[in-house]
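K.L.:
how does the following fold in three dimensions:
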Amino acid sequence: MSTEDVESDPQPPEALNDSRRTQAHVIPFVVFMVFLLVPDLLAEPEGNDTPWYLAHPTQWIYPLQCVSCLTALIFYRRQYELTMPRGATLAVGAGILGIGFWLLPGLIYQWLDLTPGWWKYLGLDPRAEGFDPTAAATQGSVGWLAAVGFRFLRMVIVVPLIEEIFWRGFLMRLLIDPDGDYWKVPFGTHHVRAMWGVTIVFVLVHSPVDYVGALVYGLLTYVVTIRTKSLSACVLMHAVANLLLGLYVMQTGQWGYW
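P.N.:
Modelled structure (predicted):
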């Protein structure tokens, strides 16, 4: 057999399946992150002549992000290890505990009646500025309901699936066996490099004000991962935490949390 014949041989089915599996775990996350960059590129200062879709681009970009990511997840659905979650009680409890730690610095800020300062890097901040669905009220009640509805769909369904599929389903395995066949690493395998690698990157993709909360939450999710060996349990934990966070934000108006 000539060298040309060897080079033209197609990849074995196993390699093709692994490649598609990697795409399924990475592409939806990349799509999600790209959409996060768009508002800053389009936003214009709010003024009398500024159309709402430029003054508040997140009002339509986030729904578009939500639909795009859901489409990607549905397209790749057969590549995910999503079954009935094992350890559901642990997952729900960890979600409640994790979001409690995430909110605690903001509550301490209020209790101590602090003013903005360097301590915002510890999470001590008023958290007043962020995605405000009341901006969509200029389009009527339907606009407001759509903004809130898509926001919760994004928080409770899309984000938990996108992030846990990437962080725990893909990146943990990659960090454990970067030079080999990482798809042969069983889900939830304990490894110190995976624990700190995923947690640190998870922290860094958030705003500095969220670093403390993200660190605690990331480590709790790692515990759920290795205890339950269930991707669905990680998704459930994330969904519970985000649902509680969304309800808290709607109650308090601290839009900076989401």
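K.L.:
every contact and neighbour count from this point should use C-alpha atoms.
P.N.:
Noted.
K.L.:
all strands of the chain, in order?
P.N.:
In the chain, no strands are defined using DSSP state E.
K.L.:
sketch out the low-pLDDT regions of this protein for me.
P.N.:
Scanning the chain for pLDDT under 70 picks out 1-16, 43-53, 135-140.
K.L.:
how about a cut-off of 90?
P.N.:
Under the criterion pLDDT under 90, the flagged ranges of the chain are 1-19, 36-63, 83-86, 106, 109-151, 179-181, 207-209, 250, 252-258.
K.L.:
have a look at it and report its longest helix.
P.N.:
helix 13-42 (DSSP state H).
K.L.:
quick check: buried residues in it?
P.N.:
Judged by neighbour count (16 or more other CA atoms under 10 Å), helix 13-42 contains these buried residues: 18, 21-22, 24-29, 32, 35, 39.
K.L.:
can you check stretch 196-215 too?
P.N.:
Going by neighbour count (16+ other CA under 10 Å), the buried part of stretch 196-215 is 196-200, 202-203, 209-215.
K.L.:
how long is stretch 131-145 end to end?
P.N.:
Using CA to CA, to the nearest Å, the end-to-end distance of stretch 131-145 comes to 14 Å.
K.L.:
what would the buried residues of helix 13-42 look like in CSV with distance to residue 234?
P.N.:
Converted to CSV, the buried residues of helix 13-42 look like this (distance: CA to CA, whole Å):
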residue, distance to residue 234
18, 22
21, 19
22, 19
24, 18
25, 15
26, 17
27, 19
28, 17
29, 16
32, 19
35, 24
39, 29
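K.L.:
between the residues you listed, which is closest to residue 231?
P.N.:
Compare each of the buried residues of helix 13-42 with residue 231 using CA to CA and the shortest gap goes to residue 25, at 12.2 Å.
K.L.:
ok, residue 202 touching residue 218?
P.N.:
Yes - the pair residue 202 and residue 218 passes the contact test of CA atoms under 8 Å, sitting 6.9 Å apart.
K.L.:
in helices only, show me the buried residues of stretch 196-215.
P.N.:
Judged by DSSP H, helices contain the following of the buried residues of stretch 196-215: 196-200, 202-203, 211-215.
K.L.:
ok, of the residues you listed, which one's closest to residue 72?
P.N.:
Compare each of those with residue 72 using CA to CA and the shortest gap goes to residue 202, at 21.4 Å.
K.L.:
now for that closest one: which residues touch it?
P.N.:
Under the criterion of CA atoms under 8 Å, 6 or more residues apart in numbering, the contact partners of residue 202 comprise 167, 214-215, 218.
K.L.:
dump the residues you listed into a markdown table; add distance to residue 59 as well.
P.N.:
Formatted as a markdown table, the contacts of residue 202 follow (distance: CA to CA, whole Å):
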| residue | distance to residue 59 |
| --- | --- |
| 167 | 27 |
| 214 | 25 |
| 215 | 29 |
| 218 | 28 |
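K.L.:
return the member of those nearest to residue 125.
P.N.:
Checking the contacts of residue 202 against residue 125 by CA to CA gives residue 214 as the nearest, at 15.1 Å.
K.L.:
list the contacts of that closest one.
P.N.:
Residues 102, 202-203, 206 are the ones in contact with residue 214 under the rule CA under 8 Å, 6+ apart.
K.L.:
thinking again about what came up before, how about the buried residues of stretch 196-215 in CSV, adding distance to residue 178?
P.N.:
Converted to CSV, those look like this (distance: CA to CA, whole Å):
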residue, distance to residue 178
196, 15
197, 12
198, 13
199, 17
200, 17
202, 18
203, 21
209, 31
210, 29
211, 26
212, 28
213, 28
214, 25
215, 23
